[in-house]
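Student: Dropping the sequence and predicted coords here.
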Amino acid sequence: MDSIKIQVPVTIKAKLTEKLKAKILDDLKRGISEAELEMKQINLQQERALQEDGDTPQKEAAIRRHFGQELHRRQQFCAESLARQENLEKLAIGAEIVQGTLQRQVELKVGDDMREVMNVEVLVEDDKIIAIRS
């Protein structure tokens, strides 16, 4: 066998522009607002559940534990989003940020440089590919 086809990751990076920065910040703020609204709804649901079903200490503890876990997830999301927002605000326009990864299929042959095959990234600026690097 002289060759084999494999799938390798491709890193997608975006060049930070004013437009992209504003979009990401807007998405983060919207996500935080939605999570805060969900936390208010969870608190209301918890109070309703406690009034309806919280007649024993065990049931009350189970209700508080269940809703507490849901609240904790939303609080973690908000904290992570705020940290991402702070980090993004510090970045200079033109910085490259990782947007994710995709897979590509590659045919390997005897003698190929594995480092070149594995380290491929695509640079995007305002939704246009501006570079493919290896």
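Tutor: Alright, I've got the coordinates. Numbers count the residues shown, from 1 in each chain.

Student: pLDDT weak spots in this protein?
Tutor: 54 (pLDDT under 70).

Student: Sketch out the strands for it, chain order is fine.
Tutor: For the chain, applying DSSP state E gives strands covering 3-15, 96-109, 120-125, 128-133.

Student: the helices in the chain, which residues?
Tutor: Secondary structure of the chain (DSSP state H): helices at 18-53, 57-90, 114-118.

Student: most packed of the strands of the chain?
Tutor: strand 120-125 (a mean of 17; mean count of other CB atoms under 10 Å). In this view, the C-beta of every residue, glycine as well, is placed from N, C-alpha and C.

Student: which outside residues touch that one?
Tutor: 8, 10-15, 17, 96, 99, 102, 104, 129-134 (CB atoms under 8 Å, 6 or more residues apart in numbering).

Student: ends of stretch 112-132, how far apart?
Tutor: Length of stretch 112-132, first residue to last, CA to CA, to the nearest Å: 19 Å.

Student: Just give the nearest non-adjacent residue to residue 70, would you?
Tutor: The shortest distance from residue 70 to any residue other than its chain neighbours is 5.1 Å, reached at residue 42 (CB to CB, 6 or more residues apart in numbering).

Student: Surely that neighbour touches residue 69?
Tutor: No: with contacts defined as CB atoms under 8 Å, residue 42 does not count as touching residue 69, sitting 9.9 Å away.

Student: more crowded one of the two?
Tutor: Just comparing residue 42 and residue 69: by other CB atoms under 10 Å the higher neighbour count belongs to residue 42, 18 against 10.
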